[in-house]
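Novice: any chance you could fold what I've pasted below:
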Amino acid sequence: MIVLSLQSGTSVDGIDVAVVAIDVVPGGETRPGVDTDPVHLVMTPIHTATVDFDPELRARVLALAAGEATTVGEVARLTTLLGQAFAEAAAGGIRDSGAAPDLIVSHGQTVFHWAEHGHARGTLQLGDPSWIAELTGVPVLSDLRAADIAAGGEGAPLMAFFDRAWLAREATQAGRVIATVNLGGIANVQLVHPGGDVLAFDSGPANGLVDAVVDRHSGGAAAFDRDGALAAAGQVRAPLLEALLRHPYLAAVPPKSTGRETFDLAVVDDAVAASGVGAIPVEDLVATLTEFTARTVVDAIPDAAAEVICSGGGAHNPVLLERLCALAAERGIRVVSSAERGVDPAFKESLMFALLGFLSRHGVPIALSTIAARVAGRITPGREPLELPAPLAGVASVTIAPPVARTTAPSETGGAT
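Specialist: I've put the predicted structure just below:
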């Protein structure tokens with residue numbers, strides 16, 4: 001089965017496109033109406049690319065996500081414009097890969113994640129999938145988080161089910177926890193325990209606060225701290241770091257989820273005021289926010305972890321990665337890029353969405369935490385009548401094969417939860 005995945009994270013830096021072949025290991029095929037054991041899968045990336053957003057559209061999305069006053073009409077316009085942008089990105093992926101997907105998975109663009117009293121109540125992703133189905137003729141799976149929230153879960157991080165399939169067998173054999181962290185706008189942590197249990201949650205901001213500060217300081221000319229240059233040139237201000245570390249979200253008990261509506265520029269400005277540091281150079285501010293991300297991520301990792309596997313745009317920031325390594329090393333934990341495991345850190349989320357599409361198409365429910373598993377998403381049919389394959393009993397494990405082709409690399413800010 002070939003799946004094309006589309007997603008844009010909280011950084012709103014572009015649409016990640018991945019075309020992935022997903023094959024059942026020989027001998028694990030199912031037959032209609034017959035229960036089988038969980039299968040083993042091999043995922044082979046065929047094509048990856050990132051399509052930049054139109055700057056005006058990006059600005060409008062960021063304004064909505066930041067909570068600026070808007071109208072229902074603007075929301076309707078944005079979900080249409082985003083749907084059209086995702087559709088064009090999907091068509092480009094099909095053209096450039098030369099592959100005909102059986103399914104498109106579109107996460108859409110998150111503009112609000114409603115968390116109240118320490119629990120997710122709802123979430124909103126824009127990007128009408130009908131435009132994708134109409135342009136490509138391929139069925140589209142979308143609205144991927146709502147089923148878990150309706151069942152009592154957090155709807156995030158979605159990465160939990162992927163890491164369970166990818167790493168549970170290794171964690172069991174090693175007898176130790178394997179942790180992963182995706183460094184998008186928000187940092188999400190997955191703790192894969194021996195036996196396959198996974199605790200997944202958002203630890204706090206990753207690139208989000210740094211991106212917002214850089215964007216404001218540059219007047220929109222820069223969207224992120226390229227190569228960690230600003231952080232490297234600055235100094236960490238201890239009083240400001242202490243003020244940031246007092247944010248109440250950090251004291252909440254996992255599982256928990258958050259978004260840019262919780263960690264925005266107001267959090268930075270309030271912490272600056274509370275810390276008494278006064279006027280602060282942007283280099284020092286970015287250095288402190290980078291340290292804040294490193295501290296909150298490492299604090300979320302238990303001592304039982306053997307290593308932390310990093311992915312997302314933040315994995316390309318050498319200053320952030322260096323601080324993660326140093327802080328984790330103090331507790332005997334090794335930090336590595338997912339590249340060392342054969343997974344491009346910029347497109348791990350894209351692989352996850354492709355796998356999610358495969359599972360939902362085959363009627364396999366996913367569990368993000370201890371909440372009952374649910375089949376994720378809603379399907380918009382393509383031009384042909386929708387035909388679903390025979391259901392699978394589940395997925396025992398996933399192996400990532402080397403990519404057969406590679407195209408445009410993404411920007412450094414990466415995706416989100």
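Novice: what sits against the residue lying closest to G196 once chain neighbours are set aside?
Specialist: Nearest residue to G196, sequence neighbours excluded (Cβ to Cβ, 6 or more residues apart in numbering): A168, at 3.9 Å. From N, CA and C alone the C-beta is placed, and that goes for glycine too. Residues near A168 by Cβ atoms under 8 Å, 6 or more residues apart in numbering: 192, 195-196, 198, 397.
Novice: can we see that at 10 Å?
Specialist: Taking Cβ atoms under 10 Å, 6 or more residues apart in numbering as the criterion, A168 is in contact with 178, 192-198, 396-398.
Novice: among those residues, who's most crowded?
Specialist: Counting by other Cβ atoms under 10 Å, V192 has the largest number of neighbours within those, with 28 neighbours.
Novice: circling back: would you mark the buried spots in the helix or strand where the residue nearest to G196 lies?
Specialist: Assigning secondary structure by DSSP states H and E places A168 in helix 159-174. By neighbour count with 16 or more other Cβ atoms under 10 Å, helix 159-174 contains the buried residues 159-169, 171.
Novice: so what's the residue count around A222?
Specialist: 13.
Novice: can you tell me the SS state at it?
Specialist: Per DSSP: H, G, I helix; E, B strand; the rest coil, the secondary structure class of A222 is coil.
Novice: can you pull the pLDDT of the residue nearest to it when sequence neighbours are not counted?
Specialist: Counting by Cβ to Cβ, 6+ apart, the nearest residue to A222 once its immediate chain neighbours are dropped is V214, at 5.2 Å. pLDDT for V214: 96.
Novice: how many residues are close by V214?
Specialist: When neighbours are counted by other Cβ under 10 Å, V214 registers 23.
Novice: quick one: contacts for it?
Specialist: Taking Cβ under 10 Å, 6+ apart, we find V214 in contact with 207, 220-226, 230, 282, 285-286, 289, 413.
Novice: among the residues you listed, who's most crowded?
Specialist: Neighbours here are counted as other Cβ under 10 Å. On that basis the top member of those is N207, with 34 neighbours.
Novice: returning to that earlier point: which one among the buried residues of helix 159-174 gets closest to A187?
Specialist: When those are compared for distance to A187 (Cβ to Cβ), M159 wins out at 11.2 Å.
Novice: roughly how far does the closest one sit from R295?
Specialist: Here M159 is placed at a distance of 21 Å from R295 (Cβ to Cβ, to the nearest Å).
Novice: ditto for L41
Specialist: Computed as Cβ to Cβ, the L41 to R295 distance reads 36 Å.
Novice: cool, and Q7?
Specialist: 27 Å.
Novice: pick out whichever of the two has more residues nearby.
Specialist: In terms of neighbours (other Cβ under 10 Å), Q7 is the more surrounded of Q7 and R295; the figures are 28 against 20.
Novice: contact partners for the nearest residue to the more buried one once chain neighbours are set aside?
Specialist: Beyond its immediate neighbours in the sequence, the residue positioned closest to Q7 (Cβ to Cβ, 6+ apart) is H107, lying 4.0 Å away. Contacts for H107 (Cβ under 10 Å, 6+ apart) come out as 5-9, 15-16, 86, 125, 127, 141-145, 158, 349-350, 352-353, 356, 377, 415-416.
Novice: cool, and A146?
Specialist: Residues in contact with A146, defined by Cβ under 10 Å, 6+ apart, are 122-125, 155, 374, 376-378.
Novice: picking that back up, can you spell out which helices and strands pack onto the helix or strand following the helix holding A168?
Specialist: Next helix or strand after helix 159-174 toward the C-terminus (DSSP H and E): strand 177-183. Contacts defined by 3 or more Cβ pairs under 10 Å, 6 or more residues apart in numbering; DSSP states H and E place strand 177-183 against helix 159-174, strand 186-192, strand 198-205, helix 282-299, strand 305-311, helix 318-329, helix 348-361.
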